[in-house]
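Engineer: return a 3D structure for these sequence lines:
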Amino acid sequence: MKRLFLIFAMSLALLSGCGVGVDGHFPVSGNVNLGGTPVPKGRVAFQPTSESGGSSASGDIVDGKYSIPAEKGLTPGEYNVIFTIEEPTGKMIEYTDHSGEVYSYEETASYVPLDWGARSTQKVTIEPTRNKFDFDVPRSEEPVEAPGISGNPSGDK
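Structural biologist: As a prediction, this is how the structure comes out:
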């Protein structure tokens, strides 16, 4: 009886661990710096590198950390990692919509190099366990324009 209880307790401990997957998906977490400084706010996305399947997932970066739980996590395999990090420039932009209503918003700029952003060459391999990946994204000297983005909140070009 004591042995059966011990087996049950060990099984329960394994199932409640951080690395346990849900329906074949596994959690992903880590830290993100931009030029050596923790990213205050941004987004990280994981896209499968092959057409053979795999899931995609993304998560918010807050105070230099991101976490994607197993329920929204990734299946094992290789993934491209794409960072979206924009910083306020301090400049206010006015925008007039099609009905004539005027809006203002603070302009932002990205300093994420294309090979870490829109055309990322960064890769990770997801294993059937807890996956922790820390990234130190290099900071571009000049703002990098994200392809296909017009710069106004409506997305109109």
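
Engineer: show me the strands in the chain, by range?
Structural biologist: 28-34, 37-38, 41-48, 57-62, 65-68, 77-84, 86-96, 102-110, 123-126, 131-132, 135-137 (DSSP state E).

Engineer: between the ones you listed, which gets nearest to Glu145?
Structural biologist: strand 102-110 (7.8 Å; Cβ to Cβ). Every C-beta, even on glycine, is put in place using the N, C-alpha and C of the backbone.

Engineer: how close does the residue nearest to the spatial centre of the chain get to Gly36?
Structural biologist: Residue closest to the average C-alpha location in the chain (Cα atoms, centre = their mean): Val44, at 1.6 Å. From Val44 across to Gly36, the span is 17 Å (Cβ to Cβ, to the nearest Å).

Engineer: what of Trp116?
Structural biologist: Taking Cβ to Cβ, one finds Trp116 at 14 Å from Gly36.

Engineer: quick one on the thing from earlier: could the strands of the chain go into a markdown table alongside mean pLDDT and distance to Gly21?
Structural biologist: Formatted as a markdown table, the strands of the chain follow (pLDDT from 0 to 100; distance: least, Cβ to Cβ, whole Å):
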| stretch | mean pLDDT | distance to Gly21 |
| --- | --- | --- |
| strand 28-34 | 98 | 11 |
| strand 37-38 | 98 | 28 |
| strand 41-48 | 96 | 15 |
| strand 57-62 | 97 | 13 |
| strand 65-68 | 98 | 12 |
| strand 77-84 | 96 | 13 |
| strand 86-96 | 93 | 32 |
| strand 102-110 | 94 | 33 |
| strand 123-126 | 95 | 10 |
| strand 131-132 | 97 | 10 |
| strand 135-137 | 98 | 22 |
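
Engineer: and of the ones you listed, who's closest to Val144?
Structural biologist: strand 102-110 (5.2 Å).

Engineer: how about residues contacting the closest one?
Structural biologist: Residues outside strand 102-110 that contact it (Cβ atoms under 8 Å, 6 or more residues apart in numbering) are 84-97, 117, 143-146, 151, 153.
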